[in-house]
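Q: Give the three-dimensional model of this entry:
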Amino acid sequence: MKNKSFFIVIDGIDGAGTTTHSSLLAGYLEGEGLSIHLTQEPSNSEIGVLLRKFLKDKKIPPCTDALLFAADRSLHYYNEIKSKLDEGFIIISDRYIESSIVYQSVQSDEISIEWVKEINKFAVEPDLTIILDINPKVSLARKTQENLEKFEDTTFLDKVRELYLKRAEQKGYYVVNSDEIIEIVQEKIQKIVTDKILE
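A: Numbering: from 1, shown residues only. Predicted structure coming up:
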């Protein structure tokens, strides 16, 4: 395959396998001889480190979460993603702006999708977004109790899943059922990505 800069995001509810499949996809594309940069959100910046701590704390208001995610994302985009794209890399990000749009707007009636978009307006949209879809009961069963974040209960994640699927339909995102075995899910992701890269 010929290398060209391309920005891929793999997103979905907690426990859907975004981290696993981002890593597997990166390994596959590197094996095809492409220059890959794998990243994630929250990022590894100081804001991202703070966010990971706040994701365990139910006392942090949803608007604070949203603003911190937007701050982390703008730093992530300008300091890491954009520079790597300019160098010709294919970027794979485990989560990006859709996570904020979906999670924060579901988290509070006071937070609109439009407001989340506005505070994230400096982060450029990816070339390809793949949503991993899974039943929340299955996704939560994959996680240990100490790894659970404040968002992770089935009632909340049912609403998050519904909005992910609604936005995927509106925006033309690809949706892959991640309830199947890892190899089958990854094969589907690889086909979507290679077809888009070769367009």
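Q: How are the strands of this protein distributed by residue range?
A: 6-12, 36-40, 90-94, 128-133, 174-177 (DSSP state E).
Q: Let me have those strands in CSV, adding mean neighbour count as columns.
A: Backbone N, C-alpha and C define where each C-beta goes, glycine included. Below are these laid out as CSV (neighbours: other CB atoms under 10 Å):
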stretch, mean neighbour count
strand 6-12, 25
strand 36-40, 19
strand 90-94, 24
strand 128-133, 22
strand 174-177, 18
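Q: Let me have those strands in TSV, extended by distance to residue 157.
A: As requested, those are exported to TSV (distance: least, CB to CB, whole Å):
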stretch	distance to residue 157
strand 6-12	10
strand 36-40	20
strand 90-94	18
strand 128-133	12
strand 174-177	16
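Q: With distance to residue 103 and mean pLDDT added, can I get the ones you listed in TSV?
A: Below are the strands of the chain laid out as TSV (distance: least, CB to CB, whole Å; pLDDT from 0 to 100):
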stretch	distance to residue 103	mean pLDDT
strand 6-12	10	98
strand 36-40	15	98
strand 90-94	15	98
strand 128-133	13	98
strand 174-177	17	98
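Q: Out of the ones you listed, which gets nearest to residue 23?
A: Residue 23 lies closest to strand 36-40 among these, at 6.6 Å (CB to CB).
Q: Residue 6 pairs with what?
A: Under DSSP bridges, the beta-bridge partners of residue 6 are residue 90.
Q: hang on, isn't residue 6 packed against residue 127?
A: Yes. Counting by CB atoms under 8 Å, residue 6 touches residue 127, with 5.2 Å between them.
Q: Identify the contacts common to the two.
A: residue 196 (CB atoms under 8 Å, 6 or more residues apart in numbering).
Q: Where does pLDDT dip in this protein?
A: 1-2, 142-152 (pLDDT under 70).
Q: cutoff 90 now
A: Low-confidence segments of the chain, defined by pLDDT under 90, span residues 1-4, 14-15, 52-62, 136-156, 198-199.
Q: where's the closest residue in space to residue 153 that isn't next to it in sequence relative to residue 50, distance?
A: Computed as CB to CB, 6 or more residues apart in numbering, the closest residue to residue 153 that is not its neighbour in sequence is residue 140, at 7.6 Å. Remark: distance between residue 140 and residue 50 (CB to CB, to the nearest Å) = 25 Å.
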